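**Q** one predicted model, sequence on top.
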Amino acid sequence: MGPAAHGDEVDPDLINAGKVPVTELPGAAYFHHADSFAMMRGGHLDVCVLGAFQVSAAGDLANWHTGAPDAIPAVGGAMDLAIGAKRVWVMMTLFDKQGAPKLVPRCTYPLTGVGCIDRVYTDLGTFEVAAGRVRALELHGATADELAERLAPLRVDG
Amino acid sequence: MSTPRTKDDIAAAIARDIAAEHPDGAYVNLGIGQPTLVADHLPAGSGVVLHTRTGCSSWAPRRTATRSTPT
């Protein structure tokens, strides 16, 4: 997660959902967990950024369980966010540690949400997912041909 | 842009890309793990309101040695 908080600057009561110590800005507001979920489910968030194990061309998201026997599944509020936010973006590496694509024709892991992802930001490029099609908006450090080969059979429009 | 090398570099580069895309004044939830890095790259004065599921809005990036300690 990067640099740790320092000494007495950490307030253990002021953390985000990842239990990382954070600070307040002027106007900061506190609310009940139930109200927080009402904001999420009620469509009041403009954007949500989530991590992912897999995203499909149809915009399906899998980010809570890989099915690995030693994994501890944790969905948290991801299902509510994936469906509730107006726009849902994913931040992930494009390939897993074994080199398998995480942007796929169909998710093989259990889904968090169906057809909910608009954009996928990765180390090798940014992709728009809409109506079952994947379009590359920007590529970093790889050519379209290289990515097409590694992502096949997924089709990526330029 | 050259390909970043370390895992932290890669995550920071993606976070910068995402932070640049948030509309001014948007209400934004950052999921746990790498997405919270986006908070560290939001431009000052963007008016983006960060929401966390645990029940706080308008939180700011992680505390560092240079930030004030309001408690």
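**A** Arrived safely.

**Q** and stretch B:9-29 with chain A, contact?
**A** Yes - Stretch B:9-29 reaches chain A (C-beta under 8 Å from any C-beta of the partner chain) through B:10-15, B:17-18, B:21-23, B:26-29. To be clear about C-beta, it is placed using only N, CA and C from the backbone, and glycine gets the same treatment.

**Q** show me which of the residues you listed are buried.
**A** Taking 16 or more other C-beta atoms under 10 Å in any protein chain shown as the criterion, what is buried in these is B:10-15, B:17-18, B:22, B:26-29.

**Q** among the residues you listed, which are in strands?
**A** Among those, the members falling in strands (DSSP state E) are B:27-29.

**Q** just give me the least confident of the buried ones among the residues of stretch B:9-29 next to chain A.
**A** The lowest pLDDT within those belongs to residue B:10, with 87.

**Q** is it true that that one touches residue A:93?
**A** Yes - Residue B:10 is within contact range of residue A:93, at 6.9 Å (criterion: C-beta atoms under 8 Å).

**Q** low-confidence stretches in chain A?
**A** Judged by pLDDT under 70, chain A has its weakly predicted residues at A:1-9.

**Q** mind listing the helices for the chain?
**A** You didn't pick a chain, so chain A it is. A:33-41, A:78-84, A:144-151 (DSSP state H).

**Q** the chain in question should be chain B.
**A** B:7-19.

**Q** tell me which helix or strand in it has the weakest average pLDDT.
**A** strand B:56-60 (a mean of 74; mean pLDDT, DSSP states H and E).

**Q** residues in contact with that strand: which ones?
**A** For strand B:56-60, contacts defined as C-beta atoms under 8 Å, 6 or more residues apart in numbering or on different chains pick out A:14, A:16, A:22-31, B:27, B:39, B:49-52.

**Q** narrow those to just the buried residues.
**A** A:14, A:16, A:22-24, A:28, B:27, B:39, B:49-52.

**Q** which one of the residues you listed is nearest residue A:82?
**A** residue B:51 (14.7 Å; C-beta to C-beta).

**Q** against chain A, how distant is the closest one?
**A** Distance of residue B:51 to chain A, given as C-beta to the nearest C-beta, to the nearest Å: 6 Å.

**Q** that residue bridge partners, please.
**A** residue B:29, residue B:57 (DSSP bridges).

**Q** mind listing what it touches?
**A** A:36, A:39-40, A:45, B:27-29, B:57.

**Q** point out the most buried one among the helices of chain A.
**A** helix A:78-84 (a mean of 23; mean count of other C-beta atoms under 10 Å in any protein chain shown).

**Q** alright, calling it a day.
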